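**Q** Provided below are the primary sequence and the corresponding predicted coordinates.
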Amino acid sequence: MREKSRFFCGECGYETGKWLGRCPGCGAWNSFCEQPVQKKGSSRKKSAESQQAVPLMEGEAEDYEERFSSSFGELDRVLGGGIVPGSVSLLGGAPGIGKSTLLLQLANAVAEEYGTVLYVSGEESHKQVKMRAKRLKANSLRLYFLAETDLLEICRVIEELSPVLVIIDSIQTTFHPELPMHPGSVGQLRECTAEIVRLAKLHGTACFLVGHVTKEGVLAGPKVLEHMVDVVLSFDGDRHQNLRLLRGTKNRFGATDEMAVFSMEESGLRQVDNPSAFFLAERAKGVPGSVVVAAVEGTRPVLVEIQALVCSTAFGAPRRVATGVDYNRMVLAAAVLEKRLGFALANQDIYVNAVGGLKVVEPAVDLGISLALASSYRNRPVDQDTVALGEVGLTGEVRGISSMEQRLKEVVRLGFKRVLVPVSSMELQDRFQSIEIKGVRTVQDALDHAI
Ligand code: TYD
Ligand code: MG
């Protein structure tokens, strides 16, 4: 007789006795995985010793001071100050974006500095990875390689080597031989991750897992995967350009929403220490439709050029295309220009682009978008030494935004001469003497000053 199984939804954990196509709990499709009922006595390995409850405040507060550096200052910052021993991080990203490259460079640097590192690949052979390592000059003698997909074998090698860091490339190819499901299925992913987390905590080994993403760009597999690990990182960028952005979307040891910028070069990934300069490098000055804004990514301000092109519609309904900026904010900016300032945009195509592949979706770039649109429409450039900051409301008023000081510091650092801000931020002029801070009440005000 067939062994009795239980079925779990990988998204919300809903449990039933039979497989269902759609979860009644959360509505997800095809999210159920089968799990054989465990026989008594065959329960999983217990952790080393049973634990006692202790008063929370007892003992030394350590604040993860034993963190170690990844050698990439930028990656450390995204991780909240370095790699925490025993932590498990999941790195997701599109194929070919550079996940294996980043982790091999990381593995090598940690091996040179701190001790044995194990790189497990279920996707590439020893030869392939060795060739990449040569190119990256990753030649530490303490960097070990294992081509394996069987989880139990991987665990055995980890226990044998007791490395400080393990890379598993990828979690989707890893499988637990005692489970009936295919590698990459919801149940496999869940079990393998759980086992790796257990091992990492037990031995204090830091672990990085590579996670595949789906067409839509979300991590493949169940949401529970993201709940199980300590840190979730996403690596993206345009594959045709060499810019790569690493973001933290979950971090149990630090803030999320931090971003690191890398560039993919002949000999691997290089961190970009001055992203603002990088994003503004190819800016054409004195042309209509271009405005510089200061966005904040996590704790760091970055200056970005917003470009707009407004041109008459050839036929039919006018087009509205937003790349790297929020579509709705762009449409809103256009509507405000139309209604409050009398621009005739109804028969114009509108294209707005944040240069460099960055996504700036905060309201703080509204004023920049409005100015770029107006500048392109009137075919007159915005003053090239001016930065625009502010949210635009429906009546055309310019509203206050967060982190103004941080943004201004970055604007000053990059040598701009003038910045348009909401009137509420004008008092900052005393603190920033080297730059002219112009308070604007409305979009019209801003246009009068900048164009
Ligand atoms: P890879 O790390 O294999 O991507 P992933 O693991 O995310 O699928 O990176 C693949 C791309 O990176 C490949 O198209 C070539 C490029 N690359 C470089 O430009 N320079 C390098 O030094 C390396 C190793 C790769
Ligand atoms: Mg890879």
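**A** Sure, I can see it. Ligands and ions are numbered 1, 2, ... in the order given.
**Q** Up against ligand 1, what does this structure have?
**A** Residues of the chain lying near ligand 1 by C-beta under 6 Å from any ligand atom: 93, 95-101, 132, 135-136, 264, 266-268. (Each C-beta comes from the backbone N, C-alpha and C, glycine too.)
**Q** now those: which count as buried?
**A** With neighbours counted by 16 or more other C-beta atoms under 10 Å, these contain buried members at 93, 97, 98, 99, 100, 101, 132, 136, 264, 268.
**Q** Contacts only, for the residue of the stretch 201-350 of the chain found nearest ligand 1.
**A** Residue nearest to ligand 1 within the stretch 201-350 of the chain: residue 268 (4.0 Å; C-beta to the nearest ligand atom). Each residue near residue 268 by C-beta atoms under 8 Å, 6 or more residues apart in numbering is listed here: 101, 105, 135, 136.
**Q** Okay, and the beta partners of it?
**A** residue 265 (DSSP bridges).
**Q** Adjacent strands (with direction) for the worst-scoring helix or strand of the chain on mean pLDDT?
**A** Least confident helix or strand, the chain: strand 32-36 with a mean of 75, by mean pLDDT, DSSP states H and E. Paired neighbours of strand 32-36 in the sheet (DSSP bridges): strand 5-9 (antiparallel).
**Q** Have a look at this structure and report its longest strand.
**A** The longest strand of the chain (DSSP state E) is strand 300-312.
**Q** Just the endpoints, please. Distance across stretch 392-408?
**A** By C-alpha to C-alpha, to the nearest Å, the extent of stretch 392-408 from end to end equals 19 Å.
**Q** Buried residues, that stretch. List them.
**A** Those would be 392, 396, 397, 398, 401, 403, 404, 407, 408, for stretch 392-408 by 16+ other C-beta under 10 Å.
**Q** List the ones among those that fall in strands.
**A** 392, 398.
**Q** now, among the buried residues of stretch 392-408, which is nearest to residue 439?
**A** Checking the buried residues of stretch 392-408 against residue 439 by C-beta to C-beta gives residue 398 as the nearest, at 8.7 Å.
**Q** you'd agree the closest one is up against residue 368?
**A** No. Applying C-beta atoms under 8 Å, one finds residue 398 not in contact with residue 368, separated by 11.2 Å.
**Q** Show me the contact partners of the next helix-or-strand element following the longest strand of the chain.
**A** For strand 300-312, the following helix or strand on the C-terminal side (DSSP states H and E) is strand 320-323. For strand 320-323, contacts defined as C-beta under 8 Å, 6+ apart pick out 327, 330, 331, 334, 349, 350, 351, 352, 353, 354.
**Q** Could you rerun that using 10 Å?
**A** 307-309, 327-331, 334, 345, 348-355, 357, 359, 361, 369 (C-beta atoms under 10 Å, 6 or more residues apart in numbering).
**Q** Quick one, which of these are buried?
**A** Buried among the contacts of strand 320-323 (16+ other C-beta under 10 Å): 307-309, 329-330, 334, 345, 348-355, 357, 359, 369.
**Q** Filter those residues down to the ones in helices?
**A** Secondary structure assignment by DSSP state H places 329, 330, 334, 369 of these in helices.
**Q** which one is the last one nearest to, not counting chain neighbours?
**A** Which is residue 369. The shortest distance from residue 369 to any residue other than its chain neighbours is 4.5 Å, reached at residue 333 (C-beta to C-beta, 6 or more residues apart in numbering).
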